[in-house]
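Q: Quick one, what's the 3D model for this:
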Amino acid sequence: MEALVTFLGTHIEMVYVLILSIFVGVEVIAKVPAVLHTPLMSGANAIHGVVLIGAIVVLGHASPDNVAAMVLGFVAVVLGTLNVVGGFVVTDRMLEMFRNRPSAER
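A: As a prediction, the model looks like this:
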């Protein structure tokens, strides 16, 4: 616990930036119209492919003796994969709305 307090004391500027970025992010997302929400979220989820690559690299460099790093790396890979796949599913569903449907013959 003492190490955490020391870390926060020496890096207080980063804590302020993190807190301010959370507030700015919430305000920016709250101002997005509903029409743009799906395209923006699907694009953001697709960008998480970079996170997936980073998780694979970290998992590949973790020593086999460090169980915590292996477990966290595996969880990061699984969650990153789910996020990327979810982003593409949302994008596909969004694009499905704009495809021409065959008209019903009467």
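Q: what are the phi and psi values for the nearest residue to Ala44 once chain neighbours are set aside?
A: Leaving out its chain neighbours, the residue that sits closest to Ala44 by CB to CB, 6 or more residues apart in numbering is Gly87, at 7.3 Å. From N, CA and C alone the C-beta is placed, and that goes for glycine too. Gly87 adopts backbone torsions of phi -60, psi -40, taken as degrees, to the nearest 10.
Q: What is the end-to-end distance of stretch 36-55?
A: 29 Å (CA to CA, to the nearest Å).
Q: hmm, who's touching it?
A: 32, 73, 76-77, 80-81, 83-84, 86-88, 90-91, 94 (CB atoms under 8 Å, 6 or more residues apart in numbering).
Q: Turn the buried ones among those into a named PyMOL selection, would you?
A: Burial among those is assessed by 16 or more other CB atoms under 10 Å; the matching PyMOL selection reads:
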select buried, resi 73+76+77+80+83+84+87+90+91
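Q: out of the contacts of stretch 36-55, who's nearest Asp65?
A: Distance to Asp65, by CB to CB, is smallest for Gly73 among the contacts of stretch 36-55, at 13.7 Å.
Q: which SSE is that closest one in?
A: helix 67-96 (DSSP states H and E).
Q: Packing partners of that helix?
A: When contacts are defined as 3 or more CB pairs under 8 Å, 6 or more residues apart in numbering; DSSP states H and E, helix 67-96 packs onto helix 34-47, helix 49-61.
Q: Ok, which of those comes nearest Leu20?
A: That would be helix 34-47 among the helices and strands packed on helix 67-96, by CB to CB, at 20.1 Å.
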